[in-house]
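Engineer: Need a 3D model of the following:
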Amino acid sequence: MIPLNIENFWLNKIIFNYLFSFSHIHNIIDISLIFISKYLIWLLILFFTYFFLSLSLKDKIITFKEMVQYSIGIIFSYFITWGLKTILLVPRPFINENILPIIDKSQDLYNSFPSGHTTLAFALSTNIFLYNKKIGYFAFIVAGLISISRIIVGVHYPLDIIMGIIIGITFPIILYKIIHNDK
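Structural biologist: Alright, predicted model coming up:
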């Protein structure tokens, strides 16, 4: 376990406090943020599954084997994020900032860096983008909403999100290049 003090980086705090100021304004906004932050990822997962099953089974653009390989890339990205969280033990913002988050994370106090939701959202979106730019841009917008909402609800710092984006984009691209260089 390596304690990492990224939460004390001044720009990280400034951006966090600015975005968090959009929470606790109105119940409807908070409920929307909770939905985006916690549940929109599941819709993106369902869409990814539908999209790649359609490419594989219906359109025959990719093989089922390739679809499995891309899924492995997403899982690999997520496990890297999980490993970093386990090793680095960065406290969530509500611990350091003495704020009340919109989402209860009382069972998960020191797993802030990097953001798992962000990693997963960007890994899914990157894979979609690699096959269909138009739909991929839309998926990236959804991933961005999920990521920013994680800051606004008070459970992640901006650097958590940035690292999640880097991991989520990098490994699917690497795997895509490996798969397509074999052909």
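
Engineer: Do a quick rundown of the helices in the chain.
Structural biologist: With DSSP state H as the criterion, the chain has helices at 10-20, 27-34, 40-53, 64-88, 93-96, 116-131, 133-152, 158-181.

Engineer: So which of the ones you listed is the most surrounded?
Structural biologist: Highest mean neighbour count among the helices of the chain (mean count of other C-beta atoms under 10 Å): helix 116-131, with a mean of 26. Heads up, the C-betas are built off the backbone N, CA and C, glycines and all.

Engineer: Centre of the chain to it, how far?
Structural biologist: 8 Å (C-alpha atoms, centre = their mean, to the nearest Å).

Engineer: Skipping adjacent residues, who's closest to the residue sitting nearest the centre point of the chain in space?
Structural biologist: By C-alpha atoms, centre = their mean, the chain has its centre lying nearest to Thr118, at 1.1 Å. Leaving aside its sequence neighbours, Thr118 sits nearest to Gly164 (C-beta to C-beta, 6 or more residues apart in numbering; 3.0 Å).

Engineer: swap in Leu84?
Structural biologist: Leu84 sits nearest to Pro114 (C-beta to C-beta, 6+ apart), 5.8 Å away.

Engineer: Need phi/psi at the one you found.
Structural biologist: phi -80, psi 170 (degrees, to the nearest 10).

Engineer: What pLDDT does the model give it?
Structural biologist: We have a pLDDT of 95 for Pro114.

Engineer: Low-confidence stretches in the protein?
Structural biologist: 1-8, 59, 182-183 (pLDDT under 70).

Engineer: The same query, at a cut-off of 50, please.
Structural biologist: Within the chain, not a single segment meets pLDDT under 50.

Engineer: Pull out the CA atoms of stretch 29-49 and give them to me as PDB.
Structural biologist: The C-alpha trace of stretch 29-49 is given here as PDB (Å, rounded to 0.1, in the frame of the first residue of the first chain):
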ATOM      1  CA  ILE A  29     -30.400  17.900 -10.300                       C
ATOM      2  CA  ASP A  30     -29.000  15.600  -7.600                       C
ATOM      3  CA  ILE A  31     -31.200  12.700  -8.700                       C
ATOM      4  CA  SER A  32     -30.100  13.200 -12.300                       C
ATOM      5  CA  LEU A  33     -26.500  13.300 -11.200                       C
ATOM      6  CA  ILE A  34     -27.000  10.100  -9.200                       C
ATOM      7  CA  PHE A  35     -28.500   8.400 -12.300                       C
ATOM      8  CA  ILE A  36     -25.700   9.600 -14.600                       C
ATOM      9  CA  SER A  37     -23.000   8.700 -12.000                       C
ATOM     10  CA  LYS A  38     -24.200   5.300 -10.900                       C
ATOM     11  CA  TYR A  39     -26.500   3.900 -13.600                       C
ATOM     12  CA  LEU A  40     -25.600   5.400 -17.000                       C
ATOM     13  CA  ILE A  41     -22.600   3.100 -17.100                       C
ATOM     14  CA  TRP A  42     -24.900   0.100 -17.200                       C
ATOM     15  CA  LEU A  43     -26.700   1.500 -20.300                       C
ATOM     16  CA  LEU A  44     -23.300   2.100 -21.900                       C
ATOM     17  CA  ILE A  45     -22.400  -1.600 -21.200                       C
ATOM     18  CA  LEU A  46     -25.700  -2.800 -22.700                       C
ATOM     19  CA  PHE A  47     -25.200  -0.600 -25.700                       C
ATOM     20  CA  PHE A  48     -21.600  -1.900 -26.200                       C
ATOM     21  CA  THR A  49     -22.800  -5.500 -26.000                       C
END
